[in-house]
Each structure stands twice: as structure tokens, then as C-alpha cells.
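Asks: Fold the following for me, if possible:
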Amino acid sequence: MYHNLKKLFWWSELKRDVAQFVYSCLTCQKSKVEHQKPAGLLTPLDVPEWKWDSISMDFVTSLLNTPRGHDATWVIVDRLTKSAHFILINISFPVSQLAEICKRRWVLS
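Replies: Numbering: from 1, shown residues only. Down below sits the predicted model:
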């Protein structure tokens, strides 16, 4: 932090003031390397054995409204087959309604 500031600013006690600020800042203390656990080695995810055993979901929001009033897309991807489903939804749908959409789309069909 000091090295970045000294390129733009200078005063007689700059280094001491920066050190004092960082020492008293809770966010700065939490982000110090010595206070974090080592991340460890990266391990690959297990390959799923069955379709829909492992999925990932994401929401694409802030879209223009469709004629039916949908303003978001729910993206569900099966990790094994890499098949993706794009479901138009309204961002204000409660979780119970999203579960109902899933049940109608895959369980009951």
C-alpha cells in the first residue's frame, strides 16, 4: 500500500501513517497472508457416473422483458453430458416456484 501511495503523494510521515492505518484496519488485518490458511493442492472434481448426478446452475438477470414478462434466464448444466437447459423465469419467482418448474420439467416428464 505504501509503495502505491508514494508514487502519487508525499508527506514527512507517510510510511508511519500508512503502517498505523493498516495496523488499525480490521479488513487489512483479515486479508494478511499470515492470517489465512494455506490453500493446499488443487484437486479435480469427481467425474459423475450418472446423468443429472452433478449439475451447476446460474441465473442470467437484467434482461429485457419477454412478451410473457420473463426477465431472467435460469441456466442448468449437467456436468456429465454437458447438456444445458435455458429456462425463462421472472427474477421475483420464489424458490418453491423454481422447484415446481424443475419437477414439471424433469421428474414428471
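Asks: Can you spell out which helices and strands pack onto the lengthiest helix in the chain?
Replies: Longest helix in the chain by number of residues, with DSSP state H as the criterion: helix 14-24. Where contact means 3 or more Cβ pairs under 8 Å, 6 or more residues apart in numbering; DSSP states H and E, helix 14-24 is packed against helix 2-8, helix 26-30. The way it works is simple: take the backbone N, C-alpha and C, and place the C-beta from them, glycine included.
Asks: Tell me which residues of the first one come out buried.
Replies: Read that as helix 2-8. Buried positions in helix 2-8, judged by neighbour count with 16 or more other Cβ atoms under 10 Å: none.
Asks: Where does pLDDT dip in the chain?
Replies: 1, 31-36, 107-109 (pLDDT under 70).
Asks: who's in contact with Q97?
Replies: Listed by Cβ atoms under 8 Å, 6 or more residues apart in numbering, Q97 has no contact partners.
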